[in-house]
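>>> Got a sequence here, can you build the structure:
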Amino acid sequence: MAVAAIVLLAYGGSSLARVVQMKREVESLERDIATLREETGRLSKTIDRLRTDPEYIEQLAREALGLVKPGEKVLKLPPSTPGG
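Here you go, the predicted structure:
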């Protein structure tokens, strides 16, 4: 009887530790899912804007390629120094 109790405690303890570990993993995965859902929402909005907003496309292209419209002036500033 005592041997059975010891075996039960030994296996029960490791099972309990495994349950606690699995609960932590589930919580971590749920946080990851929430983060990915937020990112998916942001990306969906960006996709929608790219499909429907020509001004947004122009803005992104101009920023990425450094393009300037005729008549616009570009100010080039010296690089900022750390701490200054």
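>>> starting at the chain centroid, how far to the helix or strand where R37 lies?
Using DSSP states H and E, R37 sits in helix 2-52. Once both centres are worked out by Cα atoms, centre = their mean, to the nearest Å, helix 2-52 turns out to sit 16 Å from its chain's centre.
>>> what element comes up after it heading to the C-terminus?
helix 54-65.
>>> So which other helices or strands are in contact with that next one?
helix 2-52 (3 or more Cβ pairs under 8 Å, 6 or more residues apart in numbering; DSSP states H and E). All C-beta atoms are positioned from the backbone trio N, CA, C, and that covers glycine.
>>> just the angle between the helix it packs on and helix 54-65, please?
100 degrees (axes from the mean of the first three to the mean of the last three Cα atoms, to 10 degrees).
>>> pLDDT on helix 2-52, on average?
For helix 2-52, mean pLDDT rounds to 88.
>>> Over to V74: give its phi and psi.
phi -110, psi 130 (degrees, to the nearest 10).
>>> burial of the closest residue to it other than its chain neighbours, as a residue count?
Closest residue to V74 apart from its sequence neighbours, by Cβ to Cβ, 6 or more residues apart in numbering: V68 at 5.6 Å. Other residues near V68 number 10, with proximity taken as other Cβ atoms under 10 Å.
>>> Tell me the secondary structure at V68.
In three-state terms, and counting by DSSP: H, G, I helix; E, B strand; the rest coil, V68 is coil.
>>> Begin at 11 from now on, thanks
In the new count, where the first residue is 11, that last one comes out as V78.
>>> Can you tell me how far it is from Q69?
From V78 over to Q69 the distance is 13 Å, taken as Cβ to Cβ, to the nearest Å.
>>> ditto for D63
Relative to Q69, and taking Cβ to Cβ, D63 is found at 9 Å.
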